[in-house]
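# Generate a structure from the sequence data that follows.
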Amino acid sequence: MDWPPIMLDARVADLEQRHVAVRGIGPDGKPTVVLATFGRVRRGEVLARVSDTATREPMPVAQRVSCPGSVSLRAVVLAHTAVRSNSAAEPSRIRWPISGSRMALPAMVALMVMVVLAAVLLGDPSLLVFAVPLAASAWWQRNGRQLMLQPAVIADSWQLLPSQVMARIPLDTTPAGPTPRDRVEVVKSAYGQLLSDIVYRIENSALFDNAHPATNRFQVALLTWDAGSPHAAEMADEIETSFAAAQRDAEQLGLTNLPLTARSSAHRAAKAATTALSNAPEKERAAALLRADEILTSLSLYYLPTVDRTSPSLIGSRRAIEPSS
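Model prediction:
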């Protein structure tokens, strides 16, 4: 019995709190099924869990992602799994593995403390062996990683195999590739995630420096993008190509894009920002946040981020300062 079909061009904002199974072709050229569950829409963003169920090397992993609500299901699947979608349907339920997250960290630490206390109070050092996996799990989760170690599965009345899942997804006989708009939205989403990563912006500042030729080319491509143009496909090609080139150049340059006198300070700011975003004690994080703010303010470079102490990403809005012509 087929599940209800879902349009591949449906906006993910319209798939809020729904489960989706997608048939497609993986990066190895073989058929596969991608499972996805979409959460609530918040500030135009949708949190989702995505898993390619294929068995290949390297093994795909389930992951948590954030994507703009305006992008299509097809684009999200392509961006996060490299799977070219053919058709999609809505299963009854997807069962996801427990993932590493900061939400689970306090519970892990509390359990570890209880095990240690039990070993001390009972005078039985052998109990400490139970603290080892808890400590390992807490260490793995300390930065709120977004990967899940076990695959997602569809649990109907029983657990379905990928081949059984594929058989229940109605096959679209006229599959289409991602549209130019979809492709550009994928690039915008990737660029937006980098814009909200304060450490990345410090360590790879050339990607945000309009005076850098590769970055300038990418920015011009974005500004001239027109989804209604008869040349939209070629324009999307240019956006994809120029973004890849600008990111590659920025990561190769690293801190050397900065003036020589600013590099050591920027390195300290990146370390401080990393600490401010970590699970370190509150006083240590507050001190690191203050240090990062002071350093970045003193550098006053238009392509480096400013600090907003109230923002989860720590990134504030900079006054419009352009490079001198």
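# List the buried residues of stretch 185-201.
Neighbour-count burial for stretch 185-201, counted by 16 or more other CB atoms under 10 Å, picks out E185, V186, V187, K188, S189, Y191, S196, D197, I198, V199, Y200, R201. Every C-beta, even on glycine, is put in place using the N, C-alpha and C of the backbone.
# Now, those that are in helices?
Counting by DSSP state H, the buried residues of stretch 185-201 place E185, V186, V187, K188, S189, Y191, I198, V199, Y200, R201 in helices.
# tell me the two of those residues that are most distant?
Farthest-apart pair in those is E185 and V199; separation 24.9 Å (CB to CB).
# those strands in this structure, which residues are they?
5-6, 19-25, 31-42, 45-52, 62-68, 84-89, 94-95, 147-148, 153-154, 306-307, 315-316 (DSSP state E).
# looking at those strands, which one has the lowest mean pLDDT?
Between these, the one with the least mean pLDDT is strand 147-148; it has a mean of 45.
# Output the lowest mean pLDDT helix or strand found in this protein.
Every helix and strand of the chain was ranked by mean pLDDT, DSSP states H and E. The lowest is strand 147-148, at a mean of 45.
# gap between stretch 15-34 and the chain center?
Counting by CA atoms, centre = their mean, to the nearest Å, stretch 15-34 is centred 18 Å from the centre of its parent chain.
# about what we covered before: between the ones in helices among the buried residues of stretch 185-201, which is nearest T215?
Using CB to CB, those come closest to T215 at Y191, 10.7 Å.
# Would you mind measuring from that closest one to A244?
11 Å (CB to CB, to the nearest Å).
# Would you format the ones in helices among the buried residues of stretch 185-201 as a markdown table with distance to P281 and pLDDT included?
Shown next, in a markdown table, are these (distance: CB to CB, whole Å; pLDDT from 0 to 100):
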| residue | distance to P281 | pLDDT |
| --- | --- | --- |
| E185 | 40 | 91 |
| V186 | 39 | 90 |
| V187 | 39 | 91 |
| K188 | 37 | 92 |
| S189 | 34 | 89 |
| Y191 | 34 | 92 |
| I198 | 20 | 91 |
| V199 | 20 | 92 |
| Y200 | 25 | 93 |
| R201 | 25 | 93 |
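# List just the nearest of those residues to D293.
Nearest member of these to D293, counting by CB to CB, is I198, at 10.7 Å.
# Settle this for me: the closest one is touching K271, isn't it.
No. Using CB atoms under 8 Å, I198 makes no contact with K271, being 11.8 Å away.
# Mutual contacts of these two, please.
In terms of CB atoms under 8 Å, 6 or more residues apart in numbering, I198 and K271 are not both contacted by any residue.
# Spit out the contact partners of L296.
Counting by CB under 8 Å, 6+ apart, L296 has contacts I202, A269, L304, P305, T306, V307.
# Check V76 too.
Applying CB under 8 Å, 6+ apart, the residues near V76 are V12, A36, A48, V50, V65, C67.
# From S196, how far off is it?
Taken as CB to CB, the span from V76 to S196 is 18 Å.
# since we're on the residue nearest to G26 when sequence neighbours are not counted, how many residues are nearby?
Nearest residue to G26, sequence neighbours excluded (CB to CB, 6 or more residues apart in numbering): T32, at 4.2 Å. T32: 22 surrounding residues under other CB atoms under 10 Å.
# going forward can the numbers begin at 23, since that is how I track them
Yes, from this point I'll number from 23; that puts the last item at T54.
# what's across from T54 in the sheet?
G46 (DSSP bridges).
# if I look at it, how far off is Q186?
Following CB to CB, the distance that separates T54 from Q186 is 14 Å.
# go on, R203?
In terms of CB to CB, R203 sits 34 Å off from Q186.
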